[in-house]
Every structure is written in structure tokens, then in C-alpha cells.
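Undergrad: Generate coordinates for the sequence data below:
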Amino acid sequence: MPNILIVDDEKPIRIIIGRILKHNGFDYDRASSTFEAINLLKNKHYDLVLSDIEMPEESGISLMTHVLIEYPEIPVILVTVFDDPGMAESAFEIGADGYVAKPFTENDILIEISNVLQRRKKEKKNKIYREKLETRLQQRTKELKNAKCDLEITKTSLDKFVNKLDSVTTYANDAIIMIDNNGLISYWNYTAEKFFGLKSEQVLTRPFIKCRMNWEWLNIIKGLYNCLNNNVSIQLDDISFINPNGKDSILKIFLSPVFGNDNKRTGVIFLGSDITALKELENQTAGSKNMESVGKLSAGIVDEINIPLQNVTNNTRFLQKSFLNLTSLLTKYELLLDNKNKNGTEDVENFVNEGNLKYLAKDVPATFRETIAGLESVTNIIEGMKKG
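TA: Residues are numbered from 1 along each chain as shown. Sure, this is the predicted structure:
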């Protein structure tokens, strides 16, 4: 229960008020003067001071002033013999929490004490709440200042990063195009301007499909639809387009969905690489490899043809020599038949022996077969080359 200090120079009043408090469960102490009350306040805590205004030495106003200065948490109720509204108003103006006029009843005392304690309790609660609120406000203010400082630092860093990123993307080797969910162009870098001959101010905020790019629109639109419909990255290889100089060129294109912090798609990024020079180099390399292959094949064919042709050449020379021998023999036979040469028979026999006709009769047909086989081999090789 609350502990109350009763201050009055009249002992009967102190006794009466003490009984009222005791009867209603309050703890209390009594002082007959302001000086005695001040000493009690030094050594003990009180929840309320109930003091008479008119006292011989120092008045209750003096005591109340002391309490307001030294113990502002303790409420003070003033008691006086004057039931004057003006007096009550003055008491409140100088800091009193309550006012009771003599003569008083038990209810007058209890109601005023109850009201003052309830009001002080509420004020204390509000004060604690305000203090907590002020503490939280100060802490929050400090956090906000720190956050603002961090935000400024982050913004500065972000601005530098954005400027650097913008510089990188602006002059990148690839055409970079950003397309929002509505199909409108939101970014168009310098390389895109070079590739397609369209300035950024000509295309920004315009529908992508209405831009005048001379390329394979059907494949581009299919790729965009697949990218947007399935939220996946798409690669389009060997997309033909005509550059601003009217030259046929080739693009490799990457399409990728872009997502925000809430994991919702915000658009599509388009990366286009001009691979025309690379394709030309690949074709040249492929041509060189083909020529190398042809050279190796030709060398193999020469090796395969050389042997049969050598045989054909040697056999042809043999047949030529054999044919000359046969021609001479036939001439000898003609002379023998004409009986123009007496020694013709002997000459013919000698020529036959020298020319080894038996050998010719055996080897000439074999030579013909080998020559024909060699020619057929060469023919087959040539036919195989035609089919290959």
C-alpha cells in the first residue's frame, strides 16, 4: 500500500487523518512541522505528502516548494481551513496536486488521495512511456542518420558504378538492348546504333518489333516468345542481317529475361555479337583444310596410279620392240615367197632363232593382259574420284 506523510501542526488533525488512512490500509508517518517533514523525507520514501497550509514556522507552501524541487516524483495535497475556490486555484498554480478544505470528511480525504495517486500513477506511466518513446526516437534518429550517411555513401558508390557500367555497356563490342514487359525499348547502346544504323533517340520507348532492322524477324520473334513465355535464356545462331553499309552480315544473339528484387520479370536483355568476320575466317580455314585434304588425296592417287602406268609404259615399249621384230620377220617371209633371195630360208631361220619367236609367242599375250589390267586399274581410280 502507498506510504503517506501527514504534516500538520495540530495533533488532533494528525490523529484523525492517521486513523482514516490506517482504516483504509495505508501506511503513514506524521510530522508536526515543515522542518520535521523535511527530515523524514531525507530518510524514507513516501508516495504522497498531505500537508496543512497554515503552520507556525514554515507554511505548507514552503514544504511543497521543497518537495517539488527535491522530490518531484512525490505528489502534494494541501489542507486548509478556507474553502475558497480562489485558494484552491492558487494552490494548483504553484504546484499542488490536490486540495482539501477543513472541516473534511473521511471521503473527502480518501477521494482526493485516490485521485491524486491515480493521476500521478498515470502521469508516471505516461512519463515512462514518453521517456521510452524519446529514447526510441533518439535511437531511431541516430539509426536514420547513420542510414542516411550509409545511403549517401552507397549512392555515391552506386553512381560511380552506374557511370562505369554505362561507359562499359555504351562502348561494348556487343549490341545491348533492353526491352520491357510491354515490348518497349528502354536501353539502346552505341554498338546497337552502329550495327543497325538507328540512334537511341529514334528507338527509345518505341515498340521493339516496329524498329526498322533488316534481319530475320521471324527467328527473332520466335526467340523472344520462347524467352518470355518460359522465362529462359535463348541463343540464336547465325542470324543474317544487312548492316547500314548494305553488307550482308551475321549475328549471334542471346536473349535473357531480367528479374527485379521481387523475382518478377521486368523485361528482356538482348545481346548481339557481329560474327561476320569470324564466319569468313572459319570459311577460309575450312577451304585451306579442304585444299590440304585434296593435296593428300592427290598424292595418294598419284601413288596408286603411278605403278599401273609404269607397267603400262614398260609393256608398251616391249610390245613396240616385239612388233618391230615381227615386222622384220614378215618382210623376210615375203622375200622367201618371192624366191628373190637364195639364202632367204637360211636368213629366216637365223632371224627366227635370233628373234626368239617362241619367247614372243609366250610373253606377248601376258604383256597384253598386264597392260589391260593396268589400264582398268587407272580407270577405276578415276571413276572413284568422280563419284567421291
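
Undergrad: Break this protein into its domains for me.
TA: Annotated domains of the chain cover 3-129, 173-274, 282-387 [automatic domain parsing].

Undergrad: Please render these as TSV that adds distance to Thr141, mean neighbour count and mean pLDDT to the earlier fields.
TA: Placement of C-beta: from N, CA and C, glycine included. What follows is the domains of the chain, written out as TSV (distance: least, CB to CB, whole Å; neighbours: other CB atoms under 10 Å; pLDDT from 0 to 100):
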stretch	distance to Thr141	mean neighbour count	mean pLDDT
domain 3-129	18	16	90
domain 173-274	27	16	89
domain 282-387	66	12	63
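
Undergrad: of all the ones you listed, which lies closest to Glu152?
TA: Closest of those to Glu152 is domain 173-274, at 20.9 Å (criterion: CB to CB).

Undergrad: what about the closest one, how long is it end to end?
TA: Counting by CA to CA, to the nearest Å, you get 9 Å between the two ends of domain 173-274.

Undergrad: In CSV, list the domains of the chain along with distance to Lys145.
TA: Shown next, in CSV, are the domains of the chain (distance: least, CB to CB, whole Å):
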stretch, distance to Lys145
domain 3-129, 24
domain 173-274, 25
domain 282-387, 61
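
Undergrad: so what's Met178 closest to, chain neighbours aside?
TA: Tyr187 (3.5 Å; CB to CB, 6 or more residues apart in numbering).

Undergrad: Give me the three-state assignment for the one you found.
TA: Using DSSP: H, G, I helix; E, B strand; the rest coil, the structure places Tyr187 in strand.

Undergrad: and if you look at the one 5 residues further on?
TA: Under the three-state scheme (three-state DSSP), the conformation of Ala192 reads as helix.

Undergrad: Use 53 as the first number from now on
TA: That works, and once the first residue is 53, the last one we named lands at Ala244.

Undergrad: Could you give the bridge partners of Gly150?
TA: Ile129 (DSSP bridges).

Undergrad: how about the strands of the stretch 103-252 of the chain, start to end?
TA: Counting by DSSP state E, counting those that start in this stretch, one finds strands in the stretch 103-252 of the chain at the ranges 128-132, 150-153, 227-232, 237-240.

Undergrad: Let me know which of those strands is the nearest to Glu334.
TA: strand 227-232 (21.2 Å).

Undergrad: tell me which strands and helices that closest one is in contact with?
TA: On a contact count with 3 or more CB pairs under 8 Å, 6 or more residues apart in numbering; DSSP states H and E, strand 227-232 meets strand 237-240, helix 242-248, strand 317-326.

Undergrad: Out of those, the one nearest Ala148 is which?
TA: Closest among these, using CB to CB: strand 317-326, at 67.7 Å.

Undergrad: where do the helices sit along the chain?
TA: 63-75, 86-95, 112-122, 137-145, 158-222, 242-248, 252-255, 269-282, 328-389, 396-407, 409-439 (DSSP state H).

Undergrad: Could you report the separation of the nearest residue to Asp232 once chain neighbours are set aside from Arg71?
TA: Sequence neighbours aside, Gly319 is the residue nearest to Asp232 in space, at 4.2 Å (criterion: CB to CB, 6+ apart). For Gly319, the distance to Arg71 equals 86 Å [CB to CB, to the nearest Å].

Undergrad: same thing with Glu125?
TA: 27 Å.

Undergrad: Kindly report the same for Leu288.
TA: 101 Å.

Undergrad: how long is stretch 91-105 from one end to the other?
TA: Termini of stretch 91-105 sit 18 Å apart (CA to CA).

Undergrad: what's in contact with it?
TA: 54-62, 65, 69, 81, 83, 86, 89, 111-113, 115-116, 119, 122-123, 126-132, 143, 152, 161, 165, 168-169, 172 (CB atoms under 8 Å, 6 or more residues apart in numbering).

Undergrad: what do you get for stretch 267-287?
TA: 231, 260-261, 288, 291-294, 303-309, 317, 320.

Undergrad: can you rerun that using 10 Å?
TA: Under the contact criterion CB atoms under 10 Å, 6 or more residues apart in numbering, stretch 267-287 has outside partners 231, 233, 235, 247-248, 260-261, 265, 288-295, 301-309, 311, 317, 319-324.

Undergrad: Pull the distance from it to the chain's centre.
TA: 21 Å (CA atoms, centre = their mean, to the nearest Å).

Undergrad: Report the contact partners of Val168.
TA: Val168 neighbours (CB under 10 Å, 6+ apart): 99-100, 102, 127-129, 148-151.

Undergrad: Return the closest of those residues with respect to Ile424.
TA: When the contacts of Val168 are compared against Ile424 (criterion: CB to CB), the nearest one is Asp99, at 139.7 Å.

Undergrad: phi, psi of that closest one?
TA: phi -90, psi -10 (degrees, to the nearest 10).

Undergrad: Report the separation between it and Ile67.
TA: Asp99 is 21 Å from Ile67, by CB to CB.

Undergrad: Could you list which residues are in contact with Lys176?
TA: Lys176 neighbours (CB under 10 Å, 6+ apart): 125, 127.

Undergrad: Could you report the distance from it to Val101?
TA: Taking CB to CB, one finds Lys176 at 16 Å from Val101.

Undergrad: And Glu245, by the same measure?
TA: Relative to Val101, and taking CB to CB, Glu245 is found at 87 Å.

Undergrad: can you check Ala244 too?
TA: 85 Å.

Undergrad: Likewise for Ile327?
TA: For Ile327 relative to Val101 (CB to CB), the value is 95 Å.

Undergrad: what's the answer for Glu332, then?
TA: From Glu332 to Val101 the distance is 104 Å (CB to CB).

Undergrad: Same question for Pro296.
TA: Noted for Pro296: a distance of 96 Å to Val101, by CB to CB.

Undergrad: likewise Asp289?
TA: Counting by CB to CB - Asp289 and Val101 are separated by 94 Å.

Undergrad: and if you look at Ala148?
TA: Distance of Ala148 to Val101, computed by CB to CB: 10 Å.
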